[in-house]
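Asks: Next comes the sequence, and after it the predicted model I'd like to discuss.
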Amino acid sequence: MNENLFASFITPMILGLPLVTLIVLFPSLLFPTSNRLVNNRFVSLQQWMLQLVSKQMMSIHNPKGQTWTLMLMSLILFIGSTNLLGLLPHSFTPTTQLSMNLGMAIPLWAGAVITGFRNKTKTSLAHFLPQGTPTPLIPMLVIIETISLFIQPMALAVRLTANITAGHLLIHLIGGATLALMSISATTALITFIILILLTILEFAVAMIQAYVFTLLVSLYLHDNT
Amino acid sequence: MLSRVVLSAAAAAAPSLKNAALLGPGVLQATRIFHTGQPSLAPVPPLPEHGGKVRFGLIPEEFFQFLYPKTGVTASCELQRKILKGPYVLGTGLILYLLSKEIYVITPETFSAISTIGFLVYIVKKYGASVGEFADKLNEQKIAQLEEVKQASIKQIQDAIDMEKSQQALVQKRHYLFDVQRNNIAMALEVTYRERLHRVYREVKNRLDYHISVQNMMRQKEQEHMINWVEKRVVQSISAQQEKETIAKCIADLKLLAKKAQAQPELGRQ
């Protein structure tokens, strides 16, 4: 290892120019638009998947909440594709950067909360106090609920960052372990390699699940506030 | 009937098509011109059905053919076939060169690359065909739905055409109906005529019977009158004395007869 463990997480620059912009924009090339009725397999599969996901995720909202469909669908596609592309060797995952995830989480959360406060002020304020609390506990509970409200965007961003970063780190470490064990004992290296394969499968699942969770939570905050 | 309406409408809309009106409204649809703008996208040249052949998913076959003039073939003795081995040797040599000179360094990332790429290749080999079929099925369903709508529309129009034709055929057969009605009316007229004839006959007979009965009655009355008159005159003519004489004679005759009658039975008894 001629580089430290966190080398894969520095923002890529090429000749002093930020390459990260292109890397962030690259996944959009993988989702072609097509105006035809009958498309190729790639596009029709994507359209089918998108239809499935949007139906499943946006059916719980009222029409006012369903105006967010485009936003949420682009969100899940972006996070899913960047996570999956980051599993390829020697690639950079933008979602490992906390700055990027905060940039996604805070505006979306703030939009949902402010919409709720503007249009349904009473209901939004009522969320601060769950039903059926005994009277002496009310001040305590209001403070706790406020804290939990303001922690939501932080939690969203940090959850995504931590999961993806941790996954990448684990893959790197176990790969390193395999490499180190190769010269010591081949069978242990093989076991470690099998662990690596299992981890890879897990990482693929985590990549998609994290995208789903992020979008689901934003949609949940939206549902509360419309 | 419908076709005539459409034909007249088409003739009104485009006078140049009046000559084509004989061919029907189908020609009107077929001669409509599409893509009157600048044809940048149409007509699309036909796309090949399958992509170019590749080996290992990366290297096209043309590369092997490209190196053939320089590297030649190797004959495999058991198989008696000529195999293009040039690119394989090139590839092996290149990989070994990169590894030995540490141009490509084996890092932990190598192992993660092996596991990731291996996993992906496994997934694609196992589920590739079925996913492709699924995508084809999606498109097929879309087309089948629209085709069904089209077929239903065609069928509906065909049914309308058939009904129209049958209506026209029925119109041809209307004269039977008219004949039957005409016959009915003729019969009714005939019946009325005969009935009236019969009535006339009956009326005339009544009148004549009346005259006859009047005549009979007159004659009867005359007879009776005459008889009564004759009797009256006779009775009048018989005077009282004549009457007595006649009665006395009758009594004498009767007594004579009685005696004869008495004498006869005695003779008879004996």
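Replies: Arrived safely, thanks for sending.
Asks: from here on, contacts and neighbour counts on C-alpha atoms
Replies: Noted.
Asks: Could you check how far the residue nearest the centre of chain B is from residue B:177?
Replies: Residue closest to the average C-alpha location in chain B (C-alpha atoms, centre = their mean): residue B:163, at 6.0 Å. Using C-alpha to C-alpha, to the nearest Å, one gets 20 Å for the distance from residue B:163 to residue B:177.
Asks: do residue B:160 as well
Replies: 25 Å.
Asks: May I ask you to confirm that residue A:158 is in contact with residue A:99?
Replies: No: if you go by C-alpha atoms under 8 Å, residue A:158 and residue A:99 don't touch, sitting 9.8 Å apart.
Asks: So those two - more neighbours on which side?
Replies: residue A:158 (19 against 14; other C-alpha atoms under 10 Å in any protein chain shown).
Asks: Give me the average confidence score over the lengthiest helix in chain A.
Replies: Criterion DSSP state H: the longest helix present in chain A is helix A:138-182. Taken as a whole, helix A:138-182 has a mean pLDDT of 88.
Asks: wait, does that helix contact chain B?
Replies: Yes: using C-alpha under 8 Å from any C-alpha of the partner chain, we find that helix A:138-182 touches chain B at A:171-179.
Asks: CSV for those residues, including neighbour count?
Replies: Formatted as CSV, the residues of helix A:138-182 next to chain B follow (neighbours: other C-alpha atoms under 10 Å in any protein chain shown):
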residue, neighbour count
A:171, 25
A:172, 22
A:173, 17
A:174, 21
A:175, 27
A:176, 22
A:177, 18
A:178, 27
A:179, 21
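Asks: list the contacts for the residue of the stretch 101-250 of chain B at minimum distance from chain A?
Replies: Here the stretch 101-250 of chain B gets closest to chain A at one residue, residue B:108, 4.2 Å apart by C-alpha to the nearest C-alpha. Residue B:108 makes contact with A:1, A:172-179, according to C-alpha atoms under 8 Å, 6 or more residues apart in numbering or on different chains.
Asks: Then residue B:139?
Replies: Contacts of residue B:139 (C-alpha under 8 Å, 6+ apart): A:38-39, A:44.
Asks: Provide a ChimeraX selection command restricted to the buried entries of those.
Replies: Applying 16 or more other C-alpha atoms under 10 Å in any protein chain shown to the contacts of residue B:139, the buried members can be selected in ChimeraX as follows:
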select /A:39,44
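Asks: restrict the contacts of residue B:139 to contacts with chain B.
Replies: Answer for these near chain B (C-alpha under 8 Å from any C-alpha): A:38-39, A:44.
Asks: Give me the distance from the worst-scoring helix or strand of chain A on mean pLDDT to the chain's centre.
Replies: Among the helices and strands of chain A, strand A:17-18 carries the lowest confidence by mean pLDDT, DSSP states H and E, at a mean of 73. Offset of strand A:17-18 from its chain centre (C-alpha atoms, centre = their mean, to the nearest Å): 25 Å.
Asks: Give me the residues contacting the helix or strand that that strand is followed by.
Replies: Sequence-wise, the next helix or strand downstream of strand A:17-18 (DSSP states H and E) is helix A:20-25. Helix A:20-25 is contacted by residues A:11-13, A:82, A:92, A:94 when judged by C-alpha under 8 Å, 6+ apart.
Asks: hang on, the earlier thing: would you give the sheet partners of the least confident helix or strand of chain A, along with the direction of each?
Replies: Strand A:17-18 has its sheet partners listed here by DSSP bridges as strand A:13-14 (antiparallel).
Asks: List of residues touching the strand it pairs with?
Replies: A:19-20.
Asks: Can you name the residues of the stretch 101-250 of chain B sitting close to chain A?
Replies: B:107-113, B:115-117, B:119, B:132, B:135-136, B:138-139, B:142-143.
Asks: right, and out of the contacts of helix A:20-25, which lies closest to chain B?
Replies: So of the contacts of helix A:20-25, ranked by how close each gets to chain B (C-alpha to the nearest C-alpha), first place is residue A:92, at 12.5 Å.
Asks: Many thanks, have a good one.
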